[in-house]
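Enquirer: Need coordinates for the below:
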Amino acid sequence: MVDHLHVATLNIRNLADRWAERLPLLLADMAALQPDLMGLQEVVYPLQQDRLIGAAGAARYDAIRGWAGRPEYGNSLLVREPLAASAPERLDLGLRRAAHRVVVTSAAGRRVLMTVTHLHDPGPEEAARDDQARLLLAWLDEAPPSDVQVVVGDFNADPAETTYGRMLGAGFRSAYAEANGTEPAVTWPTGIQGPMIDTDGSPECLDYIWVRGAATTESCRLVFDRSAVGDPTLYPSDHIGVSAHLDLG
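Expert: Modelled structure (predicted):
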């Protein structure tokens, strides 16, 4: 049996910077994308942002949350029916960051360990991100048996950082680089303008889909990357998303 999995990730920029205007763009792109597994970062749970995004198209999604810093805020994983996920496990990474993981069984019975995370933010603090990546990898090495491990999220680390190299050294491959030969030049910022937009730092590639184990990347592209019609200052988020089609073998 051919066994494929469509995975995506996006940092949705919480409720800041024109959320009410951005939401229709998020919904339209999600309705078109409809991945099997969607990792979201900076989700404000009382606003039901993850459930709104999951309800955008014809597919039905279960939202599995992993709070970071405070119980009402953090990461979320959207799991498309009929896929079902195991009970989530959460890892506190410190500095108000976290990761959470579940095991999803594919149509052909392959076990996929799916993890969503968001690493430390301030640009110069590379050592803090690298320490979080070390904790994350140790946690994944002790995870329940699986055929494939997938980690998605906003790593706040460009390909020149030690965090990126640490992921490669642990046997993970970047889906985008595997499919296209190199990473995208930019996944942050998009060009959105808003009252709280972060303007520190130069445009960078910060967002990834990492794959380890018996899977290959068939294709990978950027998503949630188009501005509103007639308004080049409005995007779904300040981050661009990544979408990958995986062959599980």
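
Enquirer: could I get stretch 102-114 in CSV with only the CA atoms?
Expert: The C-alpha coordinates for stretch 102-114 follow below in CSV (Å, rounded to 0.1, in the frame of the first residue of the first chain):
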residue,chain,number,x,y,z
VAL,A,102,1.7,12.2,19.9
VAL,A,103,1.9,8.9,18.0
VAL,A,104,-0.3,8.8,14.9
THR,A,105,-0.9,5.5,13.0
SER,A,106,-1.0,5.9,9.2
ALA,A,107,-3.4,4.2,6.8
ALA,A,108,-0.9,1.4,6.2
GLY,A,109,-0.2,1.0,9.9
ARG,A,110,3.1,2.9,10.3
ARG,A,111,3.6,4.7,13.5
VAL,A,112,4.5,8.3,13.2
LEU,A,113,5.8,10.3,16.3
MET,A,114,4.6,13.8,15.6
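
Enquirer: which residues touch it?
Expert: By C-beta atoms under 8 Å, 6 or more residues apart in numbering, the surrounding residues in contact with stretch 102-114 are 1-3, 5, 7, 37, 39, 64, 77, 79, 83-89, 101, 140, 143-150, 152, 214, 248-249. C-beta here means a position set from N, CA and C on the backbone, and glycine is covered the same way.

Enquirer: other SSEs contacting the longest strand belonging to the chain?
Expert: Counting by DSSP state E, the longest strand found in the chain is strand 70-80. Packing partners of strand 70-80 (3 or more C-beta pairs under 8 Å, 6 or more residues apart in numbering; DSSP states H and E): strand 37-44, helix 49-54, strand 61-68, strand 97-105, strand 111-118.

Enquirer: after it comes which helix or strand?
Expert: Counting by DSSP states H and E, the next helix or strand C-terminal to strand 70-80 is strand 89-94.

Enquirer: For that following strand, buried residues please.
Expert: For strand 89-94, the neighbour count (16 or more other C-beta atoms under 10 Å) marks Glu89, Arg90, Leu91, Leu93 as buried.
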